[in-house]
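Novice: below are the sequence and a predicted model for it; my questions follow.
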Amino acid sequence: MPDGGHPYRSAPEKIRQNTKLQLPATGDVIAMNAPDGMIRVTDIPAIPVVFFGDIDGEIQDAILQSLQGFLASLDEQLLVIPRLQVEFMVDPGTPGGKNRSGDYYSALHSVQGNLVLGVTGNGLWDEFPHPRFVFGSAFCGTAILSLHRFIHDSASKGLALTRIGKEIPKILALACGIPACSDQACYLSYHWTMEDIDRNRYVCRDCRMALGEAIGECVGMGIQGS
């Protein structure tokens, strides 16, 4: 079911009243309980985001902002909002080719982290259940987002960015092993076509709860009994 007007649900200025966490201007969340009493951003668990090859800077920024915004909306399930650790790698795929997700998994598995996301501008080809370029795929805590169809099948860059933003929670869900939602308006529903993404309006309450708990388990910062 929908959760109000905002597709993610806006994050509060103070995450939880019973913690000493804060949201600084950078968008990172400050850690608490350092041995010397100091608070360090480096103590916050990170979700690595790997950009493969030469990806437009505006698209990179939009992806990171969408990720930060969605993670911030999970404050009821997370003791600490994970920070994003951005990395860049040579793209193992071939422009215009029918690249396989496995080409990217080996690179992503070399990155330290229980939850690792990758982004490529190349197309990812899948034969099942019928041959096509897919929006993304995941395996064992890693997920790869392909921008190929968003860029080539959108009438404008603005529309492509909107669609990519809706795909961000879906890619997180794939990495966490969460199945597709039956609510066709939910971002976590199955995406066959761009029209499927265009129908999405929100992350439903059940999916947000499941995703928040899964991310909390991955980064070790879940709230017990949530």
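Specialist: It's in. Numbers count the residues shown, from 1 in each chain.

Novice: only C-alpha atoms for contact and neighbour calcs from this point on.
Specialist: Will do.

Novice: look through this protein and tell me its longest helix.
Specialist: Longest helix in the chain by number of residues, with DSSP state H as the criterion: helix 157-176.

Novice: what element comes up after that one heading to the C-terminus?
Specialist: Sequence-wise, the next helix or strand downstream of helix 157-176 (DSSP states H and E) is helix 194-199.

Novice: in that next one, what counts as buried?
Specialist: I197 (16 or more other C-alpha atoms under 10 Å).

Novice: just the element for the nearest residue to D103 once chain neighbours are set aside, please.
Specialist: The shortest distance from D103 to any non-neighbouring residue, by C-alpha to C-alpha, 6 or more residues apart in numbering, is to P92 (6.4 Å). Here P92, judged by DSSP H and E, is contained in no helix and no strand.

Novice: quick one: pLDDT of P92?
Specialist: For P92, the model assigns a pLDDT of 93.

Novice: could you do V29 as well?
Specialist: pLDDT, V29: 37.

Novice: what about the strands in this structure?
Specialist: Along the chain, counting by DSSP state E, strands occupy 46-52, 83-89, 116-120, 124-126, 132-134, 136-139, 142-146.

Novice: pick the most buried one from these.
Specialist: strand 142-146 (a mean of 26; mean count of other C-alpha atoms under 10 Å).

Novice: between helix 157-176 and it, find me the angle.
Specialist: 160 degrees (axes from the mean of the first three to the mean of the last three C-alpha atoms, to 10 degrees).

Novice: direction included, what does strand 142-146 pair against?
Specialist: Strand 142-146 sits in its sheet next to strand 116-120 (parallel), strand 136-139 (antiparallel), going by DSSP bridges.

Novice: where are the low-confidence patches of the protein?
Specialist: Counting by pLDDT under 70, the chain has low-confidence residues at 1-43, 221-226.

Novice: nearest to R163, out of the strands of the chain?
Specialist: Set against R163 and scored by C-alpha to C-alpha, the strands of the chain come closest in strand 142-146, at 12.1 Å.

Novice: what lies in contact with the closest one?
Specialist: 101, 104-105, 108-109, 114-124, 134-138, 171-172, 174-175 (C-alpha atoms under 8 Å, 6 or more residues apart in numbering).

Novice: what separation is there between E195 and G96?
Specialist: 23 Å (C-alpha to C-alpha, to the nearest Å).
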